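S.K.: next input, structure requested:
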Amino acid sequence: MIMNAKTIALPWRDVDVTPEQGRGVLVDGWNTNCPSYLEDCEIPEFAPLRLPSFKYDDVKYAVRIEITGRKGQRRPYDDRQWVRVKITFVGDGEPDTVSRGWMTV
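M.R.: The predicted model follows:
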């Protein structure tokens, strides 16, 4: 299931930035410069992806990711391109929680 497929323009070419397994994500407010890498969710009807917690090894949050940035940007500490995203933490019987962050291109 492709969620929010989108192409953004980078200086050298257009790039597909579809949220998918293996892309690194930094969540605003998690106070880390080490990205967590998206994984496929075992119940795609519930949420398409899982985002491992950087703090707890056995916790993986069910998430939906929407691209909100229009162009890739470099972070101060590495050479990769990043794009702004909206991260929806899917609530299991509770309301969803929304945060913002960065995802690798």
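S.K.: ranking helices and strands of this structure by mean pLDDT, which lands last?
M.R.: Here the helix or strand of the chain ranked lowest by mean pLDDT, DSSP states H and E is strand 7-9, holding a mean of 62.
S.K.: quick one: strands adjacent to the very next helix or strand once past it?
M.R.: Downstream of strand 7-9, the first helix or strand assigned by DSSP states H and E is strand 14-16. Applying DSSP bridges to the sheet, strand 14-16 is found paired with strand 7-9 (antiparallel).
S.K.: mind listing the strands for the protein?
M.R.: Taking DSSP state E to define them, one finds strands in the chain at 7-9, 14-16, 24-27, 36-37, 39-40, 49-52, 60-67, 73-74, 81-89, 97-104.
S.K.: show me where the protein dips below the pLDDT cut-off.
M.R.: 1-13 (pLDDT under 70).
S.K.: what about residue 31, distance to residue 64?
M.R.: 23 Å (CB to CB, to the nearest Å). The C-beta positions use only the backbone N, C-alpha and C, and glycine is treated the same way.
S.K.: out of the two, which sits in the more crowded spot?
M.R.: When residue 31 and residue 64 are compared for neighbours, residue 64 comes out ahead with 19 against 8, by other CB atoms under 10 Å.
S.K.: can you give me the distance of the closest residue to the more buried one other than its chain neighbours to residue 78?
M.R.: Using CB to CB, 6 or more residues apart in numbering and skipping the chain neighbours, the partner closest in space to residue 64 is residue 88 (4.4 Å). Distance of residue 88 to residue 78, given as CB to CB: 26 Å.
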